[in-house]
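[1] Below are the sequence and a predicted model; questions follow.
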Amino acid sequence: MGYSKELLDQLHYGEGETLFGDTPLVILKAFLQSGVSYLGGYPGSPTAGLIDAMSDSYETVLKPKGIYFDCSGNEASAAALLSASISYPIRGSVNWKIVGTNVASDALSHICSSGVTGGALIIVGEDYGCDSTCVAERALPFALKSTMAVIDPRGDLDHVAKMVEVGFELSEYSNMPVMFLLSTRVAHIMNKMKCGDNKEAKISMLNKIKDLKTDMETIPLPPFTFDHEKKKYYERIPAAQKYILDHKLNEFFDGDESSIGIITHGMIYNSLMRCLYNLGEANLYGEARLPILNLCVTNPLVPEEIILFLRDKKAVLIVEEGMPNLIEEQIRSIAQRAKLGLDIFGKDILPKAGEYTPDHIAKGVGSFLLKNTLSNYEKERIKERSEYTEKHKEKASTYLKQPVAKRNPVFCTGCPERPIFTAIKMLEEDYGRSYYASDIGCYSMSGLPPFDLSNSITGMGIGLASAAALSRMADKRVISFMGDGTFWHSGLTTSIANAVYNNQSAILIILENFWTSMTGHHENPASGKNMRGEEVGMDIEKALKGTGVKWIKAVDPYDLMESLEVLTEAYEEDEGLKVIISRGECQLEKTRREKGIIKEQIKVGKRVMQQKLGVDPELCTGDHSCMRYNGCPSLTLKDSPTILREDPVAHIEHSCVGCGLCGEIAHAAVLCPSFYKVEIIDNPSMFDRLGAKINRSLLQMISKNEWMG
Amino acid sequence: MQKKSDLIKILIPAVGGQGGGVLTEWLVQAFFFEGFDAQGISLPGLSQRGGSTVYYLEAYPKADSEEKSIIFAQFPVPGEVDIILAQEFLELGRALELGYGSDKTTIVTSTHRIYSTLEKMPIGSGIYSDENLRKLALAFSSNVIELDALKLSKANGMDELAVNAILLGALSTSGAIPIEKKSFIRSIETVGVAVSASLKAFEVGWDYANSSSDTKSLAKWDSFVKDRADKLEDKEKQEYMHRISKIESEYPENVREILAESVYRLIDYQDIGYADKYLDEVSVINKIDNDTKVTNYELTEFFAKNLALLMSYEDGIRVSELKIKSDRFKRIREEMRLRDDQVFHVVDYLKPEAEEIYGLLPNVLVAPVLRFTQTRLFKKIWRRKKPLTMGQMPVTNSFSGYLRLWMVAKMKFLRPHSYRYKKEYKLIKRYKESINKFASYDYQLGCLVAKSAQMVKGYGKVRRRTMDAFYRFLDNIISPLSEYEIKNRKNFDITLEIGQEAYNLITGESIEGIDKAEKLVQDILEQRAA
């Protein structure tokens, strides 16, 4: 999909102009306004859009400005990019999803110790609602232990852009890298942004560094690390606090009811304001009855600011999403040190788990208000309104006896990964279930219906390694799945080198589809080019051989019988690592690319053959066995043509791309004769037409002229 | 408060990958053109792979002063949504189940369904009922505008993604949204995705919602019969019409269509005599209905349906015949949207098991050989466990492919003497006897048994397993339960309840459901005994 030229042209806007777009575009614009020299990251939800925006604008915007961009090998290599800012006044930013922080941690710890001279911004996709494949964790604790400042913007694109620019300033002023949290909902806003002028970077690919510095003091090794530690707590944090205070980065909103107040952070402010609006405590412009402190920088906190807000108040509520509730604990300790005798509420009355949506916090906020409201009339109103949503939800969820059917994500039409799981389903019929160690990627969906093939998902590139002990302790075969993106991310070392080194007995299936598809189709080392469009050739099979894997077989996933045979062969082998590479390009990407080409070929009169599959509705008896091996979105149901059958029959929609799997399944699993394949020839050759003509006359002869095909 | 100053909150429940992002962008831009502040949120990610997803949008008239700006929320709040614009019917249901609809919500929804994997998998029908979804929609809205946007897009020669613009058109006429039509059109042009197709689709939705008078033409009995009669040869046609008048005089209205369809199917399957045999069998069971003086003829209905299906079991002859029928190729041409200047080949995936092939041969030849294969001597020589199969992929619209199937189809005359026929008739006999027996215990029990033969379906091993499940259903579920109730009780409540549950277990999941059902019955009987 990507960004259109019209959208990207807005990146050149100057002061006073208004850009329309989504969050990634706005952030990229803010980067340009900050004069960045380099950008990088590893794609993952919800920050994947940023990599798209950077990659799509590379040729027309970034490269002409001399801005270095790379789609890093993994999050550790992305974090390592920030090293450029340690000794030089160079601004740069990298990004990844929340769990990527763990992969990046080694590099981050060291860079945080050295400190930075140029502004270094890390955009971390905070996904506390788990809208992608991740766990519910927050990034704040990591920043605290490594001493990074943390910016948490409100849900407003102008504010997001402002905070990006502020982030670089803060980083330079405090010599700390700054973590910028981009939550899922904020990452996908569509709105306008008021632009400023773009800034040229002093150092770039066009204006290179002339003399390299050797600054031993920045090397994170003893004895310098002792000095780094001192700097962190005696210089960098106080500097950041001063900057935050001087530039009023945290927002105070006044209210009439000055004896109580609420402290919140980032986008949770938006949820809180909607919650207060629904309770009748605020209007849509954010004017509330009680004062609010919104922390847009959640680390470090500024004690003076907090004390200023807490002083003279009887009670304060802290609305902080996620655990551990470090903001709340710090505020409690600030209050205790300042000997303020007020009541502080937080996770004691608010939910400890779950995303803080306006309705999720309504009850907790309501009970805080009730504790601190005197008028009975007001109390009744608050109670009624704060409980309304819960009651309404309860009513809606219990209205029907039979809950609405679930819909889980599925492999796309024609996906080359699906047939492998079909083959494993068939293998199970002969050998029973194996231990399936899955990994992170589209194939994580193998754990969902109709396949249900997943015993573990342990993290990126870790699947095979996670089954190391079980390979020898379980009376089952271990079958692990890994995509090509995951292979090059870390799988080669973490899983494969480990398996060869420790002589692990297992079957590893590498699903090489030449794209990192799950994140929205990003190039990876298997694609043949990088995200700057430069050609690179990286070969999984050679890498495996180099590591010392002896048993390697490649299969064409659409040839189900072949896959099944190779799988059986691997299964029958007792010892060692058996690697099957299933090679088939991501169908979405392939279709997208070929659609135009085929159209063009047909237009100029070339002979083109395409195929589609179909089901004879009269022959299908509606037992749906084919569905249980498949789960293709184009293979669906429709009413049987005969009123005698009550159950629906199988049906293939026009969206079929003709991969042929359903026919292969009908064949391999000996299901039924209902499936057929139609080969459609555009611009048929003389030979095709002659053949068709001869056929027609012969068929008319035997069918006594009834033939109409 | 004036109407226009209200914050407008729009939720778009959708199926991932169906163009909801563009729909949201159209709305955001249209609000901008009307002088609103607006914010759209889309949630791609895992859900984009055909899972459930939502888009959310808020809009508010621009504030007077530049200083003040709206604090938008990024999440919809249950009970506080003004408009639900549903791209698919089940997703509407899910949004409503989560409480997003309320008495202030206007719903604009497409009623087409994209079935979820879990709905597709059961051996019976797992499709969630539209009726339930409609109930939810009426209970949690002030106004519902429904249209089958997918059908409309197909009828107008558009692709699936046109659903979005059609819905936008329908929304714009609903009066629920303060946006002029021209702003929508401008917004579609500005967003720039498939502009001309989207504008056309927008108009389709607009026109439809404006002139909504859905005239349903019910299939009339006469045309129902004529459709079938026309497919038969002249001589058979006369005979068919003769049977139809008999059906008209002897059977109530609600089973006539079933009988007309069945008689046509069996004439097509074998011959007139075979269809007569069917009618004779049905009349026996119909007598039970007549004697019981029921009004809806449930027993006849179930029996008539299932007997026709059992009698027209799909053997190689039937498969070959259907594969080379001329209307089949006509249908394929239409479904694949083929043009006359294209050449096409139809390749069939055929893989009969050995039994499906030798089953066509006369029983007198097959039976002794099969008896031999059961001996220990044979098993010593023949170690293969999996059944033999004969895979082939003929090009059915080529002379050689066609001829092969044509020759098999010509073996029809052998069918009544074949091994397979004997096997299927054993089942039919058992089916009839069971209905007679259990209907004599209790009419409803008879109906349950009559209905349960729907579970017998599939080819090869699937058919063997469904047949086996049906026998076990009679032997291990219905028989022991009803016998227990005859001995110990006055009614058949337990048999009816557990029998239905067992039927649901089998058809609601997979054939293995029969194992669970048997266990259930065993447990119940043991408990009762203790």
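    That came in fine, so what should we check first?
[2] burial measure for the closest residue to B:Leu388 other than its chain neighbours, as a count.
    Residue nearest to B:Leu388 in three dimensions, not counting chain neighbours: B:Ala354, with 4.0 Å by Cβ to Cβ, 6 or more residues apart in numbering or on different chains. (C-beta placed from N, C-alpha, C; glycine too.) Using other Cβ atoms under 10 Å in any protein chain shown, B:Ala354 has 12 neighbouring residues.
[3] what separates B:Ala354 from A:Asp623, distance-wise?
    21 Å (Cβ to Cβ, to the nearest Å).
[4] Give me the neighbour count for A:Asp688.
    Neighbourhood size, A:Asp688 [other Cβ under 10 Å]: 17.
[5] okay but A:Asn455 is in contact with A:Tyr436, surely?
    Yes. Contact criterion Cβ atoms under 8 Å: A:Asn455 and A:Tyr436 qualify, at 4.9 Å.
[6] out of the two, which sits in the busier spot?
    A:Tyr436 (24 against 19).
[7] Say whether chain B is contacted by the helix or strand where that one lies.
    Assigned by DSSP states H and E, A:Tyr436 belongs to strand A:435-438. No. Shown here: strand A:435-438 not in contact with chain B (Cβ under 8 Å from any Cβ of the partner chain), separated by at least 14.0 Å.
[8] What is the subsequent helix or strand relative to that strand?
    Beyond strand A:435-438 toward the C-terminal end (DSSP H and E), the next one is strand A:456-457.
[9] Which elements pack onto that next one?
    Contacts defined by 3 or more Cβ pairs under 8 Å, 6 or more residues apart in numbering or on different chains; DSSP states H and E place strand A:456-457 against strand A:435-438, helix A:463-466.
[10] What is the neighbour count of residue 284?
    Chain wasn't specified; assuming chain A. 20.
[11] Actually, chain B is the one I wanted.
    That count, for B:Val284 with other Cβ under 10 Å as the rule, works out to 12.
[12] list the contacts for it?
    Contacts of B:Val284 were listed using Cβ atoms under 8 Å, 6 or more residues apart in numbering or on different chains, and they are B:Lys432.
[13] wait, is it part of a helix?
    Yes. Assessed by DSSP: H, G, I helix; E, B strand; the rest coil, B:Val284 belongs to a helix.
[14] what separates it from B:Ala260, distance-wise?
    Counting by Cβ to Cβ, the separation of B:Val284 from B:Ala260 is 19 Å.
[15] for A:Ala543, same thing?
    67 Å.
[16] between these two, which one's more packed in?
    Using other Cβ under 10 Å, the more surrounded residue of A:Ala543 and B:Ala260 is B:Ala260, with 23 against 15.
[17] ok, and A:Gln504, which helix or strand is that part of?
    Judged by DSSP H and E, A:Gln504 forms part of no helix or strand.
[18] ok, back up a step: run a quick check on the residue nearest to B:Leu388 versus B:Gly391, I expect a contact.
    No. The pair B:Ala354 / B:Gly391 is not scored as a contact, 11.9 Å apart, by Cβ under 8 Å.
[19] Identify the residues contacting B:Ala502.
    B:Phe473, B:Ile477, B:Gly513, B:Ile514, B:Ala517, B:Leu520, B:Val521.
[20] run the last query once more with 10 Å
    B:448, B:452, B:469, B:472-473, B:476-478, B:481, B:513-514, B:516-518, B:520-521 (Cβ atoms under 10 Å, 6 or more residues apart in numbering or on different chains).
[21] again with A:Ser93
    A:Ser93 neighbours (Cβ under 10 Å, 6+ apart): A:27-28, A:30-31, A:34, A:36-41, A:50, A:54, A:78, A:81-82, A:85, A:119-123, A:164, A:167-168, A:171, A:177-178, A:180.
[22] Swap in 7 Å and give it another go.
    Neighbour list for A:Ser93: A:Phe31, A:Val36, A:Leu39, A:Leu121, A:Ile123 [criterion: Cβ atoms under 7 Å, 6 or more residues apart in numbering or on different chains].
[23] Can you give me every residue that contacts residue 79?
    I went with chain A, as the question did not name one. Per Cβ under 7 Å, 6+ apart, neighbours of A:Ala79: A:Val94, A:Ala104, A:Ala107, A:Leu108, A:Ile111.
[24] meant chain B actually
    So B:Gly79 contacts A:Tyr388, A:Thr389, A:His392, B:Gly99, B:Ser102 (Cβ under 7 Å, 6+ apart).
[25] at 6 Å what do you get?
    A:Thr389, A:His392, B:Gly99, B:Ser102 (Cβ atoms under 6 Å, 6 or more residues apart in numbering or on different chains).
[26] Can you pull the domain assignment for chain A?
    Per the record, chain A has its domains at A:5-201+A:220-245, A:251-395, A:418-589, A:607-702, by automatic domain parsing.
[27] Please work out which of these is packed deepest.
    Most buried of those by mean neighbour count (mean count of other Cβ atoms under 10 Å in any protein chain shown) is domain A:5-201+A:220-245; its value is a mean of 22.
[28] per-residue confidence averaged over stretch B:174-193?
    Mean pLDDT, computed over stretch B:174-193, is 93.
[29] So what would you say the end-to-end distance of stretch B:209-221 is?
    Separation of the first and last residues of stretch B:209-221 by Cα to Cα, to the nearest Å is 32 Å.
[30] can you check stretch A:652-659 too?
    12 Å.
[31] what's the answer for stretch A:182-189, then?
    11 Å.
[32] Which of the contacts of A:Ala79 lies at the shortest distance from B:Ser116?
    A:Ala104 (36.7 Å; Cβ to Cβ).
[33] Tell me if the closest one really is in a strand.
    No. Read with three-state DSSP, A:Ala104 is helix and lies in no strand.
[34] Now for the residue of the stretch 301-450 of chain B found nearest chain A, how many residues are close by?
    Nearest residue of the stretch 301-450 of chain B to chain A, counting by Cβ to the nearest Cβ: B:Phe329, 3.1 Å away. For B:Phe329, the count of nearby residues is 21 (other Cβ under 10 Å).
[35] How about the one 10 residues further on?
    The local packing count at B:Arg339 equals 10, with neighbours defined by other Cβ under 10 Å.
[36] can you check the one 4 residues further on too?
    B:Val343 is flanked by 23 other residues according to other Cβ under 10 Å.
[37] which residues does it contact?
    A:Ile681, A:Pro684, A:Asp688, A:Ala692.
[38] switch the cut-off to 8 Å
    Neighbouring residues of B:Val343 by Cβ under 8 Å, 6+ apart: A:Ile680, A:Ile681, A:Pro684, A:Asp688, A:Arg689, A:Gly691, A:Ala692.
[39] just those that are near chain B?
    A:Ile680, A:Ile681, A:Pro684, A:Asp688, A:Arg689, A:Gly691, A:Ala692.
[40] For the stretch 351-500 of chain B, what lies in contact range of chain A?
    Residues of the stretch 351-500 of chain B lying near chain A by Cβ under 8 Å from any Cβ: B:351-353, B:387, B:389, B:391, B:393, B:396-399, B:402-403, B:406, B:454, B:457-463, B:466.
[41] could you redo the last one with a cut-off of 10 Å?
    B:351-353, B:356, B:385-387, B:389, B:391-393, B:395-403, B:406, B:451, B:454-463, B:465-466 (Cβ under 10 Å from any Cβ of the partner chain).
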